[in-house]
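Trainee: I would like the atomic coordinates for the input below:
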Amino acid sequence: MIQRALVTKQRIILLTLLALIIMTIVIGMGMGYASLSYNRLLPTILGQGTFKEEFVLFSIRLPRIAITLLAGMALALSGAILQGITRNDLAEPGIIGIHSGAGVAIATFFLFFPIEAGSFVYMLPFVGFVGALLTACLIYVFSYRKNGGLQPVRLVLTGIGFSMALSGMMIVLISSAERQKVDFIAKWLAGSIWGTDWPFVLALLPWLIVLIPYTLYKANRLNLLGLSEPVAIGVGVSVEKERIMLLLAAVALAASAVSVTGGIAFIGLMAPHIAKGLVGPRNQLFIPVAILLGGWLLLVADTIGRNIVQPDGIPAGIIVALIGAPYFMYLLFKK
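Mentor: Alright, predicted model coming up:
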């Protein structure tokens, strides 16, 4: 039974995060290389702006904001699931190699297969999912022991090894590619929000619409998987089946996000940890907080990154890494 005071606290935090997201969106809509004054935002939203104002807002700013928000939510939820099924606080899709697996698949698809403009946007999440899934399966196999089950520490070390190997493979792939395609892959590796048009929002949104409710439905199973394996089996949980299904959800979320944002790490590490610190370790309570927190963190990082240096800005992945890498080291020494 969850205490009513804790539920109330969670709702207050959720409302606070929603307010922060709205405030950041408003700030982001008015900031950028093409200026759009804040006193013109409301008239432009209501259809009373000039052609330039409407183009900047509806064709440039809002799609990027929507993509960033959705991708941050997907990465945070993916990290929360991975930490739950592995019982490892350091598990995160960027750190354990899932991003790199998706990246190699996307790079291969982009460099060597014919691309049709109409289907390219919608194919990327599926291509990324296949690459990420193959990587996750290999990491899982190498981390699993017949007598001891999944080894959390081995999982992180194996994932880091795979991440480095796949990053090297990515460099080999692009070493002989055309300059234009190399520039795209380089931006992907840096975590640049490159999918900044409404079709990319439509490509990412269905994954979240399906997988957020699914994960919340499985929240109690995640609570049980966080216990020791004998205890989870003892209360009737089919451990391997639940773990595999939730792993598929985590991989799909991470792959769909990075296919349009590039290799952004640490969001899936930070958001769940901060959420647990705010409302406790129950998945029913902290997952909704982590989802909003992940969206807000990536939105803030991208808003800062694209305005700190004009005109191209700094990729959001670099801004997140500047915060996330020290946080990862802190958790590593703490745990």
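Trainee: where does the stretch 201-335 of the chain have low pLDDT?
Mentor: Within the stretch 201-335 of the chain, the stretches with pLDDT under 70 are 310-312, 335.
Trainee: so which residues of it form helices?
Mentor: Taking DSSP state H, counting those that start in this stretch as the criterion, the stretch 201-335 of the chain carries its helices at 219-225, 229-234, 239-261, 267-279, 283-308, 316-334.
Trainee: who are the neighbours of the longest one, in terms of helices and strands?
Mentor: Same thing as helix 283-308. With contacts defined as 3 or more Cβ pairs under 8 Å, 6 or more residues apart in numbering; DSSP states H and E, helix 283-308 has these neighbours: helix 4-30, helix 62-86, helix 198-217, helix 219-225, helix 267-279, helix 316-334. The C-beta positions use only the backbone N, C-alpha and C, and glycine is treated the same way.
Trainee: quick one: it to chain centroid distance?
Mentor: Put simply, helix 283-308 sits 10 Å off its chain's centre (Cα atoms, centre = their mean, to the nearest Å).
Trainee: just want the angle from it to helix 4-30.
Mentor: 20 degrees (axes from the mean of the first three to the mean of the last three Cα atoms, to 10 degrees).
Trainee: Val56: which of the helices of the stretch 201-335 of the chain is closest?
Mentor: For Val56, the closest of the helices of the stretch 201-335 of the chain is helix 283-308, at 13.1 Å, according to Cβ to Cβ.
Trainee: just the buried positions in the closest one, please.
Mentor: 283-303, 305-306 (16 or more other Cβ atoms under 10 Å).
Trainee: the stretch 51-200 of the chain: helices as residue ranges?
Mentor: Here the stretch 51-200 of the chain has its helices, by DSSP H, counting those that start in this stretch, at 51-54, 62-86, 98-112, 117-143, 152-174, 179-190, 198-217.
Trainee: just name the most buried of the ones you listed.
Mentor: Comparing these by mean neighbour count (mean count of other Cβ atoms under 10 Å), helix 62-86 comes out on top with a mean of 27.
Trainee: show me what stretch 9-23 is in contact with.
Mentor: Contact partners of stretch 9-23, identified using Cβ atoms under 8 Å, 6 or more residues apart in numbering, comprise 69, 278-279, 285, 288-289, 292-293, 295-296, 299.
Trainee: any chance of CSV for those residues, columns distance to Gly79?
Mentor: Supplementary listing: those in CSV, determined by distance: Cβ to Cβ, whole Å:
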residue, distance to Gly79
Leu69, 16
Leu278, 16
Val279, 16
Leu285, 16
Pro288, 14
Val289, 13
Leu292, 14
Leu293, 11
Gly295, 13
Trp296, 15
Leu299, 17
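Trainee: just flag the most distant two among the residues you listed.
Mentor: Going by Cβ to Cβ, the pair spanning those furthest: Leu285 and Leu299, at 22.6 Å.
Trainee: for Pro315, find the nearest of the helices of the stretch 51-200 of the chain.
Mentor: Pro315 sits nearest to helix 179-190 of all those, at 4.2 Å, using Cβ to Cβ.
Trainee: so which of the helices of the stretch 201-335 of the chain gets nearest Gly30?
Mentor: helix 283-308 (10.4 Å).
Trainee: what's the angle between that closest one and helix 62-86?
Mentor: Going by the same axes, to 10 degrees, helix 283-308 makes 140 degrees with helix 62-86.
Trainee: alright, calling it a day.
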